[in-house]
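Trainee: here is my input; please provide its structure:
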Amino acid sequence: MESNARINHEWLTRRTGDPFADVGGVVLKTLMRVKGTDDVLKLIEHAANIYVNDWGGKLHAFFLNSTITQAAFVGNRKIQETKKFFKALWDETLPYEEGYCRIVGVKTKLFSGGRDNHILSGSGTFINFHHAFQGGVMLSKEALIRMFFVPLGCSQLGDKIAMLASNNEELMEYFIADNVLENSRRAGTKIADGIRRLEFKSPSSALFDFALRWIREAEKSSDVENTEITLYHFTNFGASPEIAIHNFSSALFFFYARVQHRTLKPDWDRFSYSYFRQKGAQYQYETNTFELIEKKETNTLRYEDFKSWYNSIYENLLIDSSILRPILSWVGTKKRPLNFEIVKLYQTKLRDMNEKTLQIIERIADYVLDDSGNIKKNLRNLQKATKAHIFRAALLRLEEKNLAEKKPNPLFSLEEYALELFPDGTYWQEIQTLLLIAIYQRMHEQEIWIDGEDLIIEEPEEETIDS
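Mentor: Here you go, the predicted structure:
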């Protein structure tokens with residue numbers, strides 16, 4: 001079309017590595033498909049109408065003093081000024097210089113990108129923010145056009161904007177297109193007063209739900225286990241621009257996809273769901289639900305009802321903080337098992353533990369349970385060890401007893417003791433916690449209880465580095 005003669009369509013939609021530009025490119029691709037046109041100027045006018053007439057110009061979290069958010073422009077003038085700016089950009093009548101676009105990476109005519117037309121960029125007032133003291137980051141017209149469409153591909157999460165990016169293009173297009181369609185639908189029904197608002201209260205809960213949706217959507221895809229998602233939680237508002245980046249790594253995706261398997265999912269769901277938190281809500285183990293008393297009425301809430309709450313297990317998994325203590329507390333409660341395969345998967349995929357170390361731990365756990373007359377005594381000795389040397393002595397006493405009983409194989413060899421259980425740099429309490437988890441899980445499996453009480457005798461102390 002004639003209106004597209006001065007634009008490079010490939011530069012408008014191809015992957016660049018810049019998360020904002022890539023989201024804008026996916027939004028453009030979606031609109032071109034839905035609207036049945038590649039007339040970019042018409043699509044700019046379409047987006048401007050949504051931003052102004054349906055959202056009331058509420059793009060302040062994206063752009064500062066833009067043609068949409070400029071206080072001096074009122075009503076339809078916002079749309080006219082927007083069309084005027086992009087027409088001038090299109091016709092290359094705005095000031096420009098020759099060079100390589102910082103986003104597209106090709107030599108072309110470059111235009112200044114500041115906080116008015118480029119998200120979380122510097123301002124022309126602070127030219128020292130940019131290379132060579134330029135008035136803004138120098139970008140091609142295609143890159144700046146992509147930025148204008150970013151809001152349609154985003155959502156509101158709490159007090160900031162949420163934007164998803166991924167190394168998996170299919171996943172990225174799935175979620176961004178969903179936002180575009182939902183934002184457009186809400187605008188079409190005249191119920192929108194801004195971008196789509198998510199029900200989640202924390203980025204971590206939102207990310208785990210996104211991951212779960214994609215695992216279900218791409219159940220037969222091998223790409224699930226090589227996927228990672230990044231959630232950009234940001235605002236470009238006024239004098240307080242801010243961004244937090246939350247990454248759902250490929251290793252975590254692998255782990256999370258595996259625990260959705262039918263043999264692991266029931267145990268994982270009960271354990272992880274129990275850590276959702278909401279004032280007044282009580283977790284119900286038997287039904288894997290929450291009961292919430294409101295106005296003297298008890299309401300039963302299922303996953304879709306409580307998935308938006310904060311979950312400390314999800315948070316710890318995202319920031320790579322150990323969840324072994326919560327697991328120990330869980331399996332140390334009567335009739336709350338957790339398949340040890342989940343623990344093994346967690347330790348090998350997310351904590352980089354040698355699988356052989358876990359095999360030794362399971363071997364010791366089996367021996368403790370086989371010594372049926374001394375389970376409580378052995379368990380107390382292992383659990384009460386508050387120092388590395390005390391814990392090691394407890395393990396050695398088990399090995400001495402194993403030797404005295406003339407068992408054919410040792411619980412652990414010298415090499416396994418030195419290189420697998422306690423190599424340099426290892427937290428000894430991690431080994432202690434894993435061993436207790438393995439013992440408790442086997443007690444669940446064999447229905448062995450101690451005095452009919454919960455299995456945990458006393459809480460281990462906080463981890464310290466073995467000096």
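Trainee: model confidence for residue 359, exactly?
Mentor: Per-residue confidence (pLDDT) for residue 359: 96.
Trainee: how about residue 222?
Mentor: The model reports residue 222 with a pLDDT of 55.
Trainee: do residue 418 as well
Mentor: Residue 418 is given a pLDDT of 93.
Trainee: if I look at it, how far off is residue 351?
Mentor: 20 Å (CB to CB, to the nearest Å). Bear in mind the C-beta positions are built from the backbone N, C-alpha and C, glycine included.
Trainee: and if you look at residue 299?
Mentor: Residue 299 is 38 Å from residue 351, by CB to CB.
Trainee: ditto for residue 287
Mentor: 31 Å.
Trainee: so which of these two has more stuff around it?
Mentor: residue 351 (14 against 11; other CB atoms under 10 Å).
Trainee: quick check: the more buried one touching residue 323?
Mentor: No - with contact defined as CB atoms under 8 Å, residue 351 does not reach residue 323; the gap is 9.6 Å.
Trainee: look up phi and psi at residue 70.
Mentor: phi -60, psi 120 (degrees, to the nearest 10).
Trainee: flag every buried residue along stretch 385-404.
Mentor: 385, 388, 391, 392, 394, 395, 398, 399, 402 (16 or more other CB atoms under 10 Å).
Trainee: how deep is residue 146 tucked in, by neighbour count?
Mentor: Neighbour number of residue 146 under other CB under 10 Å is 28.
Trainee: now residue 255
Mentor: Other residues close to residue 255 by other CB under 10 Å number 19.
Trainee: residue contacts, it?
Mentor: 345, 346, 349, 350 (CB atoms under 8 Å, 6 or more residues apart in numbering).
Trainee: quick one: buried ones out of the residues you listed?
Mentor: By 16+ other CB under 10 Å, the contacts of residue 255 give 345, 346, 349, 350 as buried.
Trainee: the stretch 1-150 of the chain: strands as residue ranges?
Mentor: 97-100, 107-113, 137-139 (DSSP state E, counting those that start in this stretch).
Trainee: what sits up against the second one?
Mentor: What that stands for is strand 107-113. Against strand 107-113 from outside (CB under 8 Å, 6+ apart): 89, 92, 94-101, 121, 124, 134-141, 143-144, 147.
Trainee: low-confidence regions, this structure specifically.
Mentor: 1-5, 123-135, 192, 219-223, 451-467 (pLDDT under 70).
Trainee: what's the first-to-last distance across stretch 345-355?
Mentor: Taking CA to CA, to the nearest Å, stretch 345-355 runs 9 Å from one end to the other.
Trainee: just how off-centre is it within its chain?
Mentor: Relative to its chain's centre, stretch 345-355 lies at 19 Å (CA atoms, centre = their mean, to the nearest Å).
Trainee: next: stretch 369-381.
Mentor: Taking mean C-alpha positions (CA atoms, centre = their mean), stretch 369-381 and its chain are 41 Å apart.
Trainee: please report how far residue 393 lies from residue 448.
Mentor: 25 Å.
Trainee: in helices, which of the buried ones among the contacts of residue 255 fall?
Mentor: Secondary structure assignment by DSSP state H places 345, 346, 349 of those in helices.
Trainee: for the residue nearest to the second one when sequence neighbours are not counted, what is the enclosing helix or strand?
Mentor: Closest residue in space to residue 346, ignoring its immediate chain neighbours: residue 255 at 6.3 Å, by CB to CB, 6 or more residues apart in numbering. Secondary-structure element containing residue 255, defined by DSSP states H and E: helix 250-258.
Trainee: so what's residue 162 up against?
Mentor: So residue 162 contacts 154, 155, 156, 198, 203, 206, 231, 232, 233 (CB under 8 Å, 6+ apart).
Trainee: next up, phi/psi of it, please.
Mentor: The phi/psi pair for residue 162 (degrees, to the nearest 10) is phi -110, psi 130.
Trainee: now swap in the one 3 residues further on and tell me
Mentor: Summarising the backbone geometry of residue 165 under the convention degrees, to the nearest 10, its torsions are phi -140, psi 160.
Trainee: same deal with residue 228?
Mentor: Residue 228 adopts backbone torsions of phi -140, psi 150, taken as degrees, to the nearest 10.
Trainee: my guess is it contacts residue 246. True?
Mentor: No - between residue 228 and residue 246 there is no contact under CB under 8 Å: 11.2 Å.
Trainee: about what we covered before: okay, the buried residues of stretch 385-404 in TSV with distance to residue 328 and secondary structure next?
Mentor: Converted to TSV, the buried residues of stretch 385-404 look like this (distance: CB to CB, whole Å; DSSP: H, G, I helix; E, B strand; the rest coil):
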residue	distance to residue 328	secondary structure
385	14	coil
388	18	helix
391	15	helix
392	19	helix
394	17	helix
395	18	helix
398	19	helix
399	23	helix
402	24	helix
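Trainee: could I get these as a markdown table with distance to residue 340?
Mentor: Formatted as a markdown table, these follow (distance: CB to CB, whole Å):
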| residue | distance to residue 340 |
| --- | --- |
| 385 | 21 |
| 388 | 24 |
| 391 | 20 |
| 392 | 23 |
| 394 | 21 |
| 395 | 19 |
| 398 | 19 |
| 399 | 22 |
| 402 | 21 |
